[in-house]
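1. sequence first, predicted model second:
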Number of protein chains: 4
Amino acid sequence: MSLNTFGHLFRVTTWGESHGPALGATVDGCPPGVPITPEMLQKWLDKRRPGQNKNTTQRNEPDAVEILSGVYEGQTTGTPVQLMIKNTDQRSKDYGEIAKTFRPGHADITYHQKYGLRDPRGGGRSSARETAARVAAGGLARAALAELASNVEIKGYMTRMGDLEIDRSRFDWDAIEGNDFWIPDAEAAPEWEAYLQSIRKEHNSVGAEIEVVARNIPAGLGAPVYGKLDTDLAAAMMSINAVKGVEIGEGMAAARLKGTENADEIYMGANGPEYSSNHSGGILGGISTGQDVVVRFAVKPTSSILTPRKSIRIDGSPTEVITKGRHDPCVGIRAVPVAEAMMACVILDHLLLHRGQIGDDPRGSIG
Amino acid sequence: MSLNTFGHLFRVTTWGESHGPALGATVDGCPPGVPITPEMLQKWLDKRRPGQNKNTTQRNEPDAVEILSGVYEGQTTGTPVQLMIKNTDQRSKDYGEIAKTFRPGHADITYHQKYGLRDPRGGGRSSARETAARVAAGGLARAALAELASNVEIKGYMTRMGDLEIDRSRFDWDAIEGNDFWIPDAEAAPEWEAYLQSIRKEHNSVGAEIEVVARNIPAGLGAPVYGKLDTDLAAAMMSINAVKGVEIGEGMAAARLKGTENADEIYMGANGPEYSSNHSGGILGGISTGQDVVVRFAVKPTSSILTPRKSIRIDGSPTEVITKGRHDPCVGIRAVPVAEAMMACVILDHLLLHRGQIGDDPRGSIG
Amino acid sequence: MSLNTFGHLFRVTTWGESHGPALGATVDGCPPGVPITPEMLQKWLDKRRPGQNKNTTQRNEPDAVEILSGVYEGQTTGTPVQLMIKNTDQRSKDYGEIAKTFRPGHADITYHQKYGLRDPRGGGRSSARETAARVAAGGLARAALAELASNVEIKGYMTRMGDLEIDRSRFDWDAIEGNDFWIPDAEAAPEWEAYLQSIRKEHNSVGAEIEVVARNIPAGLGAPVYGKLDTDLAAAMMSINAVKGVEIGEGMAAARLKGTENADEIYMGANGPEYSSNHSGGILGGISTGQDVVVRFAVKPTSSILTPRKSIRIDGSPTEVITKGRHDPCVGIRAVPVAEAMMACVILDHLLLHRGQIGDDPRGSIG
Amino acid sequence: MSLNTFGHLFRVTTWGESHGPALGATVDGCPPGVPITPEMLQKWLDKRRPGQNKNTTQRNEPDAVEILSGVYEGQTTGTPVQLMIKNTDQRSKDYGEIAKTFRPGHADITYHQKYGLRDPRGGGRSSARETAARVAAGGLARAALAELASNVEIKGYMTRMGDLEIDRSRFDWDAIEGNDFWIPDAEAAPEWEAYLQSIRKEHNSVGAEIEVVARNIPAGLGAPVYGKLDTDLAAAMMSINAVKGVEIGEGMAAARLKGTENADEIYMGANGPEYSSNHSGGILGGISTGQDVVVRFAVKPTSSILTPRKSIRIDGSPTEVITKGRHDPCVGIRAVPVAEAMMACVILDHLLLHRGQIGDDPRGSIG
């Protein structure tokens, strides 16, 4: 990872600030011949877009993505793909006071300490708006995956929001897209909505836990010992705004287990090795096993709340901060499509890396 | 991160297998003029070394590090530093059966599926022996940090081992080095030892949780949005063998919090900003705040256990695996010095990156 | 260098095709606090722009650069700077035949062989229009250099065009910007113009040799043994369209010299070491000496000519190609500002790299 | 290129100084399953080794390469390959005076200015001994190429040494390995030897020009616009000690040509496109055409000569330098196997890159 770039061969560089003229993703290394249209990307951007429902911020951006390069007659050419999203809903306001105050829990103070100046409008580069560019790049990655490994399926969903968590016995993969919280349980959605409205009414916010699963991933993706699949996934998720923890498979709970409980036993199935369980989250030694790749992460509660918090100004003087404006009471909801996008980029990247070092033919057959 | 390299400017490439002639770290980008001797590195290697006490594997390697390049008359020259550790305790045995069997929970099967062949001796490249090279590189990073930011202090310690966890009310920073478990509570050590011996006797293993803290880190290290300090730390820790989860500050628990609980309020102290708490783990927006940088991770229980587990052979036939040999019942113990080394490398790397982009003078003063 | 990115810390990724909606440069790693406006960049783009005079192509593009990110209130913020140039003069025409024919000396055939498809409009990604993005990035690099090393001066000029070469005894540094050929000899310009017109009239084109000099470069920039200053300069120049050779200092002529002729003797001057000559081109062992950095390169004659050349179509059938349209009879003229831009980027990049590894203070004083 | 690393996917990091304990190459990204033995590498090292004949330095190093990792039972495993060469002929001497004096034309002064200290023994890191590590890595690249593109053939030869140049009408590909100068003309060798002895006797040295050709390279290798095949080759050759210029195909002479003279016309041959000539050096738009890839470079005369040259000491005082010791009168001779090694690495790297982005199947067929 460079400063604003991730990926080895499928390299995504995002650029842009919350209230600048535009933001976007420069994608280098996409394979040629991938069918792609703005509409195919828009589908994913619409999923992330604010103003969609009453559970996310009311800012209303069309988030229309434009493809400025790298595509000819509906196909990628193998050259860099520039995906641009114009910022249209930049409310004019006075940023004078905000520019001189540090909001607790925000990057205001660290950007100031590092760079000596910052774009204060809407959080500048540290705004979650940056993730729109990731979602666009992820859409391209999905399109490329559809060509290279057509049955790969990637889906994210919330597993916890504050005091609420999903009931895994009621897990329904097909219910995820049918509710505003991307939870795998249609019937639970009203309770989640009522809870979030109560958080909003008390001028508060709440954290969340999201799980992303990639199905039908071929065995053999990843590389020891720093280009591991799990290493790249951990970095990808941790790079998302407000993320404070990342887990693969069993995750932090592995610390409580014994060896007899944790190891996934191996059987020979009809199409190759199968496992009795998936504590590993589909990754052993940094390389995919062919089981579902399972990543989980936690998002902290939005720091921008209407309850006053103590802080200081740039001159060191004390102040209290109430963050007015349009803010999500739970940013975790919109982190779901972002995490899916990151997963798609990482999987595609490792597919290309594997193909480069190993080739298309399987190296190690079993049975 | 490249396949076997981590770091932006302080770049560490490790090489070597468990039972090959040697392993080591090629370190590029170390500043010149850093005083370094093999003895200074050996101190850290001895901390990680197996055969130290009855709680780790009985394999007895001197793990003597040799400096083959990049140092002249006791100082780094700015050119690549090659740190080599010879493998001396390679017991001759027949690896024929192991080479054809996949141990559950091990990288045996994924290496085979990816590469078509693997070095089966002691786990080859996937062995935790690779981490000796990281510890050597971390020792060099510590020496460079001592020149550039002399009061930086980095310490790791166990916070959980299976059913046991530390009592934070008894946290004693100075007790960490005084016991075999690197726990910050001298009096608890006997209980941990008894517990681990019981695990060993039942032919089992157990997971662990480790926390690493870096103190006196200047504000401003890190970079949005993929070269974040927390992104690099997450990748660094996740790249260690057997790690399944990484947390920064509040970690996964952030999903349960409300905004009013999570944000660290800011005060003006005598030497700059101070915070009421450290839920952020010393990092906001990917950039250090000047508070302690706090990283936590979980290590799964060793897969190599004496209790039989079901598996298959390379020809697909079923088998049961009992892993004989010298294996730690809790690899988390030896992960402590490895995690410290990774922290030292990441902090130094970001210090150099910051100096490159920003320079030595502070950019943004407060008050 | 990645596929479409160059630079270590000051990383420039260009994107865009000749006749797509836009092209540009994504610049990551620019230091914060650099004053920059579109006008400051436009100055350099206007120098490269076609349609300027009768010696370059008549295509008329305003080449207006927009800054889409990374700049706030006229200063860089340290985050990625997106520089976009819209393509406005895209004459609508039928590319059907061109898309199926390979022009000799062009990348048509290799793009087809590699990617299986290409954007045939105006040469697509292989068009020299891509260099507009480099010039914009170079303008930003110049602005950053003005902050970090204010007396650095970078200038390029033609030294040969076909049969004509400059008379070094008449070298006039201040004459370079006063003529259409960027030659350091005002009086020679009419002869160069007459020569080029004769080339044009015979439906031909001609090659050129360009020299770029950077003055007042501090000693110590560069790094053994692959991040050498000359290595990066060679790559930077060779990456420009149509370049077939690169020289540092004495260049290819060094093959004819004896040791007694080639070595620059060293004297102690008032402000440090001075040299009796500059055969080295200001670089020894990959590191700058403090003398002028001198790079020279050759550009092949434009392949797009009105004289018919034999070729084949995509179906293998023979054909003859006459490239109509607006093409420079000597692309070397417009390579001058591009080469200056590349030099500025490389020098800035190595200044940042040096600062990262070594710091601002000089390490090795002499005398 | 990082500081001491080159390559995108086949990444070679060299380490070591002339008179340290050892030097070597850490090679990451080599495909698995490549048959390799130390003997296969030794063949190439022996070609480069000093003390071979009276035309090179009399230093006698066995240059025995050891494979320390990444190979199991004679095959690469896909993990990093460490190639180490011990330095055995380190004559003990007093380096006190040399350490305080700067040899004209050497990196002594720039290393001092950059790093503040240097290893003065035998030139330290700037010694041409570093190239032994490249030759070892190149041997591995050749072995991998033999698996992936078995008919690729790579050969370097001298084309000029001072006043002498080869007669291209007498070019004999098979004569190259039969003489001490690697010239493609067996009968000219005695004249070259007499000339070099006369140079040596006058206590002088002489420059050289070397050409490297890769045959049977598939079309489609390379990538616009900074990961071009010619860009990487230019960087690779320029990174070799003492190189001052690099040419592809027509090279610097392209500046003198007209478009009608330069473009290679295209015909349809039995096995695909053929060309009337190879001015392009087998590369168009940065991508291979399938013709011979032709690279040429110039090496300056050795700066270490027995004729006194004026210089200064570290304290600024004037001095005269005569470089005693064992030095080649023409380092160009030994640059031949080094350049072959760099060519092999670059070709393999681009083959892997191509396979990663495009896959094994041809994308764009013709005819």
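-> Happy to help now that I have it.
2. tell me the residues of the stretch 51-200 of chain A that contact chain D?
-> By CB under 8 Å from any CB of the partner chain, the residues of the stretch 51-200 of chain A that approach chain D are A:78-79. Glycine gets a C-beta too; all of them are placed from N, C-alpha and C.
3. any idea which residue of the stretch 201-350 of chain A lies closest to chain C?
-> Of all residues in the stretch 201-350 of chain A, the one sitting closest to chain C is residue A:349 (12.8 Å; CB to the nearest CB).
4. the helix or strand where that residue lies vs helix D:332-358, what angle?
-> Take DSSP states H and E as the rule and residue A:349 turns out to sit in helix A:332-358. Helix A:332-358 and helix D:332-358 meet at an angle of 130 degrees, taking axes from the mean of the first three to the mean of the last three CA atoms, to 10 degrees as the criterion.
5. residue of the stretch 151-300 of chain A nearest chain B, please.
-> In the stretch 151-300 of chain A, the residue that lies nearest chain B is residue A:285 (2.3 Å; CB to the nearest CB).
6. let's see the pLDDT reported for that residue.
-> Among the per-residue scores, residue A:285 holds a pLDDT of 96.
7. just give the nearest non-adjacent residue to it, would you?
-> Of all residues beyond its chain neighbours, the one nearest residue A:285 is residue B:107 (2.3 Å), with distances taken as CB to CB, 6 or more residues apart in numbering or on different chains.
8. for that neighbour, which residues are in contact?
-> Applying CB atoms under 8 Å, 6 or more residues apart in numbering or on different chains, one finds that residue B:107 lies in contact with A:224, A:284-287, B:123, B:126.
9. in three-state terms, label residue A:274 for me.
-> Judged by DSSP: H, G, I helix; E, B strand; the rest coil, the three-state class of residue A:274 is strand.
10. show me what counts as buried in stretch A:152-165.
-> By neighbour count on 16 or more other CB atoms under 10 Å in any protein chain shown, the buried set for stretch A:152-165 is A:152, A:154-162, A:164.
11. host element of the residue lying closest to residue A:344 once chain neighbours are set aside?
-> Ranked by CB to CB, 6+ apart and with sequence neighbours excluded, the top spatial neighbour of residue A:344 is residue A:141, at 4.0 Å. Residue A:141 is part of helix A:131-148, with elements assigned from DSSP H and E.
12. so which elements touch that helix?
-> Contact here means 3 or more CB pairs under 8 Å, 6 or more residues apart in numbering or on different chains; DSSP states H and E; on that basis helix A:131-148 packs against strand A:11-16, strand A:22-28, helix A:38-48, strand A:81-86, helix A:332-358.
13. and after it, which helix or strand comes next?
-> strand A:153-161.
14. which outside residues touch whichever helix or strand comes after that following strand?
-> Stepping forward along the backbone from strand A:153-161, the first helix or strand reached (DSSP H and E) is strand A:164-165. Residues external to strand A:164-165 that are found in contact with it (CB under 8 Å, 6+ apart): A:159, A:188, A:191-192, A:195, A:209.
15. can we see that at 10 Å?
-> Taking CB atoms under 10 Å, 6 or more residues apart in numbering or on different chains as the criterion, the residues outside strand A:164-165 that touch it are A:158-159, A:181, A:183, A:188, A:191-192, A:194-196, A:206, A:208-209, B:255-256.
16. show me how far that strand is from its chain's centre.
-> 20 Å (CA atoms, centre = their mean, to the nearest Å).
17. I'd like the next helix or strand past that strand.
-> Counting by DSSP H and E, the next helix or strand C-terminal to strand A:164-165 is helix A:189-201.
18. show me what that following helix is packed up against.
-> With contacts defined as 3 or more CB pairs under 10 Å, 6 or more residues apart in numbering or on different chains; DSSP states H and E, the secondary structure elements packing on helix A:189-201 are strand A:153-161, strand A:164-165.
19. give the buried residues for that helix.
-> By neighbour count, with 16+ other CB under 10 Å as the criterion, the buried positions of helix A:189-201 are A:189, A:192-193, A:195-196, A:199-200.
20. how about stretch A:335-342?
-> Applying 16+ other CB under 10 Å to stretch A:335-342 flags A:335-342 as buried.
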